[in-house]
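Novice: Could you work out the structure for the sequence below:
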Amino acid sequence: MIRLFRHYVPNAVLLLGVLDLILLLAAGEVGWLLRAHQAGIVAAPMVERLPQLISFAAAIELAMISVGVYGADALQSLRWTPDGERVSFLHQGRLWSVPVD
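Specialist: Now for the predicted structure:
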């Protein structure tokens, strides 16, 4: 376990959070490339979109943490996890990603 702000975070939860962050970055990049291809835009290097990708992934990750996706009950119950992720994506993720341009 890792101690963070007087709380102990299990290694498995930390690894899951990092894996989710990497997958969110990849999903944002693939989504942008797909949309650019549909619109006929020439894709620029990923480095130019890195601030937008990081803000998107950080907003979704923070929304998932605040809803409790990484809580003890959520990690043990497969029934609660999809609902928590759906709430975090719909409510907070969409609102935080819009103003970044």
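Novice: going forward, measure contacts between C-alpha atoms and count neighbours the same way
Specialist: Fine.
Novice: Against Tyr70, how distant is Leu21?
Specialist: Per C-alpha to C-alpha, to the nearest Å, Leu21 is found 13 Å from Tyr70.
Novice: cool, and Met1?
Specialist: According to C-alpha to C-alpha, Met1 and Tyr70 sit 15 Å apart.
Novice: Could you check which of those two has the larger neighbour count?
Specialist: Applying other C-alpha atoms under 10 Å to Met1 and Tyr70 shows that Tyr70 carries more neighbours, namely 18 against 11.
Novice: thought that one was touching Ala12?
Specialist: No - using C-alpha atoms under 8 Å, Tyr70 is not in contact with Ala12; the gap is 10.1 Å.
Novice: Pull out the buried residues from stretch 22-29.
Specialist: By neighbour count with 16 or more other C-alpha atoms under 10 Å, stretch 22-29 contains the buried residues Leu24, Leu25, Gly28, Glu29.
Novice: for the record, mean pLDDT for the one helix or strand the last one maps to?
Specialist: When secondary structure is defined using DSSP states H and E, the element that contains Glu29 is helix 11-39. Mean pLDDT, helix 11-39: 86.
Novice: go on, stretch 47-62?
Specialist: Taken as a whole, stretch 47-62 has a mean pLDDT of 87.
Novice: buried set for it?
Specialist: Buried positions in stretch 47-62, judged by neighbour count with 16+ other C-alpha under 10 Å: Gln52, Leu53, Ile54, Phe56, Ala57, Ala58, Ala59, Ile60, Glu61.
Novice: which of the residues you listed sit farthest apart?
Specialist: Across those, no pair lies farther apart than Gln52 and Glu61, at 14.1 Å, counting by C-alpha to C-alpha.
Novice: I'm done for today, thanks for sticking with me.
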